[in-house]
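In: Sequence first, then the predicted structure, then my questions.
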Amino acid sequence: QVQLVESGGGLVQAGESLRLSCTVSGRTFSRYSMGWFRQAPGKGQEFVAFITSTGTSTNYADSVEGRFTISRDNAKNAVYLHMNSLKRDDTALYFCAAVQGLPAVQPSGYDFWGQGTQVTVSS
C-alpha cells in the first residue's frame, strides 16, 4: 500500500513563497508519476501540476505557470511544490497524488492520495 503525507503548508502574505513536500512510503516511488491538486472552500479539486516518474516531464495549470515549480527526489521518495509570488486565489487545501504510469490532469487519473496540507494567503 502506498501512503502519501504532505507537509509545508501555512499562512503567508501575498507575494511570499512556500515549499510543499510530499513523502511517499514504499520502495517503488520511482515508478510513480506524481501530481499536485488543490481544493478551495466551496470548489472542486483543481489540477496544479504533475511530474513524470523520471522527472523529465512536467505540466502546470495556467493559473500557476511561471510561479510554481514541481520537482522530485527519488532517493528521498519525495515530491515538492515550490510556490512563489503567492496570491489570495492560491488559498486552498493542497493534495499530492500518485499513479503508476503516465500522469494526468484529472483527479480520476491517480490511485493514491494524501490527506492534504492547508495553504492560506492573506493580502
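Out: It's in. These numbers come from a predicted model, not from an experiment.
In: In three-state terms, label the residue most central in space within the chain for me.
Out: The residue lying closest to the centre of the chain (CA atoms, centre = their mean) is Trp36, at 2.5 Å. For Trp36, the secondary-structure state derived from DSSP: H, G, I helix; E, B strand; the rest coil is strand.
In: can you pull out the helices in the protein?
Out: Counting by DSSP state H, the chain has no helices to list.
In: re earlier: the residue nearest to the centre of the chain: what's it in contact with?
Out: Contact analysis of Trp36 by CB atoms under 8 Å, 6 or more residues apart in numbering lists 20, 22, 48-50, 70, 79, 81, 94-97. For every residue, glycine as well, the C-beta is placed using N, CA and C.
In: low-scoring pLDDT stretches of the chain, where are they?
Out: Residues of the chain meeting the criterion pLDDT under 70: none.
In: Go again with 80.
Out: Low-confidence segments of the chain (pLDDT under 80): 27.
In: can I get the contacts of Trp36 in CSV with neighbour count and distance to Gln106?
Out: Listed next are the contacts of Trp36 as CSV, based on neighbours: other CB atoms under 10 Å; distance: CB to CB, whole Å:
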residue, neighbour count, distance to Gln106
Leu20, 24, 20
Cys22, 25, 19
Val48, 25, 13
Ala49, 25, 14
Phe50, 25, 10
Ile70, 22, 17
Val79, 30, 18
Leu81, 27, 18
Tyr94, 23, 17
Phe95, 23, 13
Cys96, 29, 15
Ala97, 25, 10
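In: Could you export those residues to CSV, including columns for distance to Val119?
Out: Below are the contacts of Trp36 laid out as CSV (distance: CB to CB, whole Å):
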residue, distance to Val119
Leu20, 7
Cys22, 13
Val48, 11
Ala49, 14
Phe50, 18
Ile70, 15
Val79, 16
Leu81, 9
Tyr94, 6
Phe95, 11
Cys96, 13
Ala97, 16
